[in-house]
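S.K.: Dropping a prediction and its sequence here:
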There are 2 protein chains.
Amino acid sequence: MSELEQVLLAVDEGLPASLDRLFELLRIDSISTDPAYEESCGKAADWLVNDLRSIGFETRRHNTPGHPMVVGQQQGRNDRCQHLLFYGHYDVQPVDPLALWNRPPFDPAIEQTPAGKVIRARGAADDKGQLMTFIEACRAWKHITGALPAQVTLFFEGEEESGSPSLIPFMENNRDLLKADLALVCDTGMWDSNTPTISTMLRGMVGEEITITGPSLDLHSGMYGGPAINPIRVLTRILADLHDDQGRITLPGFYDGVHELTNDVRQQWDALNHDDTEFLKNVGLEHPAGEQGYSVLEQIWSRPTCDVNGISGGYSGEGFKTVLPSKAMAKVSFRLVGDQDPEKIQQAFYQHVNERLPADCSVEFKTKDGSPATTMPVDAPAFKRAQRALTDEWEREAVYAGCGGSIPVVGHIKNILDMDSLLVGFMLDDDAIHSPNEKYALRSFHKGIRSWVRILDALAEQ
Amino acid sequence: MSELEQVLLAVDEGLPASLDRLFELLRIDSISTDPAYEESCGKAADWLVNDLRSIGFETRRHNTPGHPMVVGQQQGRNDRCQHLLFYGHYDVQPVDPLALWNRPPFDPAIEQTPAGKVIRARGAADDKGQLMTFIEACRAWKHITGALPAQVTLFFEGEEESGSPSLIPFMENNRDLLKADLALVCDTGMWDSNTPTISTMLRGMVGEEITITGPSLDLHSGMYGGPAINPIRVLTRILADLHDDQGRITLPGFYDGVHELTNDVRQQWDALNHDDTEFLKNVGLEHPAGEQGYSVLEQIWSRPTCDVNGISGGYSGEGFKTVLPSKAMAKVSFRLVGDQDPEKIQQAFYQHVNERLPADCSVEFKTKDGSPATTMPVDAPAFKRAQRALTDEWEREAVYAGCGGSIPVVGHIKNILDMDSLLVGFMLDDDAIHSPNEKYALRSFHKGIRSWVRILDALAEQ
């Protein structure tokens, strides 16, 4: 039995213990966006520090103005081996609406479903389950061979779900600590439950919270309705004007830097035979609602979008209250592609809002960090080797795919550390990662660990 | 000293005790729109039952599917006297946002302000303070003369702030109990703090809560943004399209039944010399935002409006969550004037929404009862007598004014009981009746009681 085979066997035999460790981490309610969970985020970081130390990583908790970073380092089996930086995040999304969960979100369990066993919990997929696939792969290598095939730096943050305010300063101040030959990021999904996937395009993001203020206090709509401007009316006009009737975004210059697909990429995507009908049906829809004239895959992977992620104003509780509110708020995000410039789009958005602001209304903006889109060097040798390793594990050709989401850290790894990122992940489309009842297929977790075992081996030497 | 003067003196001497009783009622958090306060509403009803019995009213609590009605009856001083029906409501508006109150909303206190002493509490003005002005006037008459000048039926409901679902059935089933010669309603305001006012025009109301559903679950805007329809986007388009650039409402047929002012009424309103600048400045505004070409008074009193009273969807807590939500909700109300037909407007709104509903979206409507606008018979003798009584008390000519608010009960009193209503109230524009820090001028309370003492006398005989 080869060394690799022995390590893979150790993964299989150690799976129950791997799950125990994952469940410990999942029980920590590390919701980063809500200050009420600050202590839990620290607890998750400490859990990682202890776990990494137990497998020989020299590990430190680095406090920041926000939630802590965790960095662990370990030499490889020899001096010639590559140095890999693995990134993941231990924080999770909020859980509301809690009433829609079929079990407590921080009480993980294995559930049997028609599609197989799943790990049910907030963070099971995004990103605790995924980051643990890599840690468990390292553990298996250490257990069998006493060393890692490659030099590895592990880098975990706790603010990914809340705009990563500390990430850029930390990376800029710790270039030497984090610099490696290649970054590995496990925060993406698979093309389908059988097809391993390397993500090669990531959409960028501009996020802005806007608050419109009209009257200085909440008014009675009978006493003031008419002469007093209603900030909800102003806000709905601003938001409605962001799209035209063809689903295109109206900000001037918005499409600067958006490229049409090359024929190569278009052919490759066509070959994926995406089932648009099934994709939409899974979430209760029938008709693609994005830009007319583009396929569903293009609408997700290579076209920019604008979504209102939240809106509030006035009285929205039970019953009716005839209030004319003082304020109305919306959280707006743009997904960017190609060479769209986040800063220019932010400015165009500000102008769009200000132009539609009537006399007597004021606006306040709160910015979520912007990030450009990223495209990976798919022809580099490391990408080919990783593709082969994934193909070996899943016995199905690993594909290159786009990714509609934004993983800002990939841009920062490029800009600050001058490194490319290999994005491999094992999430499935129905993992409900930002919704109630998040899950992670047990198979994703198990074969995810095995995949990293193989990739570590494949990337060990240049 | 005349009998009337003795009663007025009794009001002055009894003011501290009157305030004690009002404070007892204000301490009951009878928020009718929120089911969590159901018990409190019952408590407020019981408090009224006991208080009315203490001054000789034959009083009963009438339970309904919602909150109870209270009806008390008492003969007048002789057989020739008029029978008056007094209406008020013991329920109050919700108190959120609680953080903006400068004291607990259900812990009333007298506060000294630059404009004089005020009673600070939720419900101080709307409508507990106002309904107590009438009860205290009855108490003073009883105390001094042993009888009321007129036959009086007191009628209090506890659902005025939540759409009065039980009001019409109760009135229809209790016509004999409630029928009188004239209704008195104390739920309106004064032209200014020195000018007593009879309200002669009331706007009607159509209220609808709409919920748009797109995807069957909340989605990640990265994974689905583009092809998946965002219900907030749909909702904002629907709401933005309700007004045109001139501030007019776009529903087809909306302005049917809206009349221009007669010259008489226009001259009377012009004579009021409304200070538009001050009116708007008090709430932090400068520019009238209603229909272009109409004065501020017309915009409030004689022009119809549409306001969004509440909106919600997606994530609106701290931080950012890149969710593409399943649902978005808005509470929309129309204020009606003249002969606008609430049912036609409701249907036009349904059509407006349905026409803008994309494939894959569904809508659910929840109706708040509609009511038409009302115009009073200002030339009837009772109106003239009441005007004289108010003029005597305030030593300033009482005026006839419009009222932007909706008091649906006035329409029901007309339709079900075939009675006119005399609307006299003592609220001031800055009473913040649906906002934090609601107050009622102590002078409104005191002179309000005295005003009803005089009106009871003036209306006692035909």
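M.R.: Noted; the coordinates are in hand.

S.K.: Next, the distance between the ends of stretch A:53-64.
M.R.: Using Cα to Cα, to the nearest Å, the end-to-end distance of stretch A:53-64 comes out at 21 Å.

S.K.: got the buried residues for it?
M.R.: Using 16 or more other Cβ atoms under 10 Å in any protein chain shown as the test for burial, stretch A:53-64 gives A:55-57, A:59, A:62, A:64. Backbone N, C-alpha and C define where each C-beta goes, glycine included.

S.K.: Which one of these is nearest to B:Pro408?
M.R.: A:Thr64 (56.7 Å; Cβ to Cβ).

S.K.: what sits against the residue nearest to the closest one when sequence neighbours are not counted?
M.R.: Leaving out its chain neighbours, the residue that sits closest to A:Thr64 by Cβ to Cβ, 6 or more residues apart in numbering or on different chains is A:Ser166, at 3.7 Å. Shown in contact with A:Ser166 (Cβ atoms under 8 Å, 6 or more residues apart in numbering or on different chains): A:64-67, A:69, A:157, A:159.

S.K.: out of those, what pair is the most spread apart?
M.R.: A:Pro65 and A:Glu157 (13.0 Å).

S.K.: More neighbours: which of the two?
M.R.: A direct count of neighbours by other Cβ atoms under 10 Å in any protein chain shown for A:Pro65 and A:Glu157 places A:Glu157 higher, at 27 against 8.

S.K.: pretty sure that one is touching A:Ser164, no?
M.R.: Yes - assessed by Cβ atoms under 8 Å, A:Glu157 is found in contact with A:Ser164 at 6.4 Å.

S.K.: ok so, going back, just the ones in strands from the buried residues of stretch A:53-64, please.
M.R.: Cross-referencing these against strands under DSSP state E gives A:59, A:62.

S.K.: Please identify which of the buried residues of stretch A:53-64 is nearest to B:Glu318.
M.R.: The nearest member of the buried residues of stretch A:53-64 to B:Glu318, counting by Cβ to Cβ, is A:Thr64 at 18.0 Å.

S.K.: you'd agree that closest one is up against A:Asn173?
M.R.: No - contact criterion Cβ under 8 Å: A:Thr64 and A:Asn173 do not qualify, at 9.9 Å.

S.K.: which stretch of helix or strand covers the residue of chain A positioned farthest from its centre?
M.R.: In chain A, A:Met223 marks the outermost C-alpha relative to the chain mean, sitting 47.1 Å out by Cα atoms, centre = their mean. Using DSSP states H and E, the element containing A:Met223 is helix A:221-224.

S.K.: now the angle between helix B:231-240 and the following helix or strand past that helix, please.
M.R.: Using DSSP H and E, the next helix or strand after helix A:221-224 towards the C-terminus is helix A:231-240. Per axes from the mean of the first three to the mean of the last three Cα atoms, to 10 degrees, the angle that helix A:231-240 makes with helix B:231-240 is 120 degrees.

S.K.: Using PDB, write out every CA atom in helix A:231-240.
M.R.: C-alpha atoms of helix A:231-240 as PDB (Å, rounded to 0.1, in the frame of the first residue of the first chain):
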ATOM      1  CA  PRO A 231     -38.700  58.500   3.100                       C
ATOM      2  CA  ILE A 232     -40.000  55.100   2.100                       C
ATOM      3  CA  ARG A 233     -41.400  56.600  -1.000                       C
ATOM      4  CA  VAL A 234     -38.100  58.200  -1.800                       C
ATOM      5  CA  LEU A 235     -36.200  55.000  -1.100                       C
ATOM      6  CA  THR A 236     -38.500  52.800  -3.200                       C
ATOM      7  CA  ARG A 237     -38.000  55.200  -6.100                       C
ATOM      8  CA  ILE A 238     -34.200  55.100  -5.800                       C
ATOM      9  CA  LEU A 239     -34.200  51.300  -5.700                       C
ATOM     10  CA  ALA A 240     -36.800  50.800  -8.400                       C
END
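
S.K.: name the helices or strands packed onto it?
M.R.: Taking 3 or more Cβ pairs under 8 Å, 6 or more residues apart in numbering or on different chains; DSSP states H and E as contact, the helices and strands that helix A:231-240 lies on are strand A:204-213, strand A:305-314, strand A:327-336, helix B:231-240, strand B:305-314.

S.K.: how far out from the middle of the chain is the second one?
M.R.: Put plainly, it is strand A:305-314. Counting by Cα atoms, centre = their mean, to the nearest Å, strand A:305-314 is centred 20 Å from the centre of its parent chain.

S.K.: ok, is whichever helix or strand comes after that strand in contact with chain B or not?
M.R.: Using DSSP H and E, the helix or strand that follows strand A:305-314 in sequence is strand A:323-324. Yes - contact of strand A:323-324 with chain B (Cβ under 8 Å from any Cβ of the partner chain) involves A:323-324.

S.K.: Just give the strands next to strand A:323-324 in its sheet, each with its orientation.
M.R.: Within its sheet, and counting by DSSP bridges, strand A:323-324 is paired with strand A:219-220 (antiparallel).

S.K.: Would you mind listing the outside residues contacting the strand it pairs with?
M.R.: Contacts for strand A:219-220 (Cβ under 8 Å, 6+ apart): A:228, A:322-326, B:283, B:405, B:433-435.

S.K.: Out of those residues, the closest to B:Lys384 would be?
M.R.: Nearest to B:Lys384 among the contacts of strand A:219-220: B:Gly405, at 24.4 Å, using Cβ to Cβ.

S.K.: and the closest one, which of the three is it?
M.R.: For B:Gly405, the secondary structure call by DSSP: H, G, I helix; E, B strand; the rest coil comes out as coil.

S.K.: thought it was touching B:Thr188?
M.R.: Yes - contact criterion Cβ under 8 Å: B:Gly405 and B:Thr188 qualify, at 7.4 Å.

S.K.: Look at those two and report which has more neighbours.
M.R.: When neighbours are counted by other Cβ under 10 Å, B:Gly405 and B:Thr188 differ, and B:Gly405 comes out ahead with 25 against 21.

S.K.: Give me the neighbour count for the nearest residue to A:His274 once chain neighbours are set aside.
M.R.: Counting by Cβ to Cβ, 6+ apart, A:His274 lies nearest to A:Leu297, which is 5.0 Å off, once chain neighbours are set aside. Neighbours of A:Leu297 under the rule other Cβ under 10 Å: 22.

S.K.: confidence score at A:Leu297?
M.R.: Looking at A:Leu297, its pLDDT is 92.

S.K.: In which helix or strand does it reside?
M.R.: helix A:296-301.

S.K.: coming back round to it: tell me the contacts of the residue farthest from the centre of chain A?
M.R.: By Cβ under 8 Å, 6+ apart, A:Met223 lies in contact with B:189, B:300, B:404-405, B:429, B:433.

S.K.: ok, those residues vs A:Pro215, which is closest?
M.R.: Distances from A:Pro215 to those, taken as Cβ to Cβ, are shortest for B:Asp429 (12.6 Å).

S.K.: hang on, that closest one packs against B:Gly189?
M.R.: Yes - B:Asp429 is in contact with B:Gly189 according to Cβ under 8 Å; the separation is 6.7 Å.

S.K.: And the residue of the stretch 51-200 of chain A closest to chain B?
M.R.: A:Ser162 (4.7 Å; Cβ to the nearest Cβ).

S.K.: Could you report the distance from the residue nearest to that residue when sequence neighbours are not counted to A:Val7?
M.R.: Leaving out its chain neighbours, the residue that sits closest to A:Ser162 by Cβ to Cβ, 6+ apart is A:Thr33, at 3.9 Å. From A:Thr33 across to A:Val7, the span is 38 Å (Cβ to Cβ, to the nearest Å).

S.K.: The two: which has the busier surroundings?
M.R.: Taking other Cβ under 10 Å, A:Thr33 and A:Val7 do not tie; A:Val7 has more neighbours (25 against 19).
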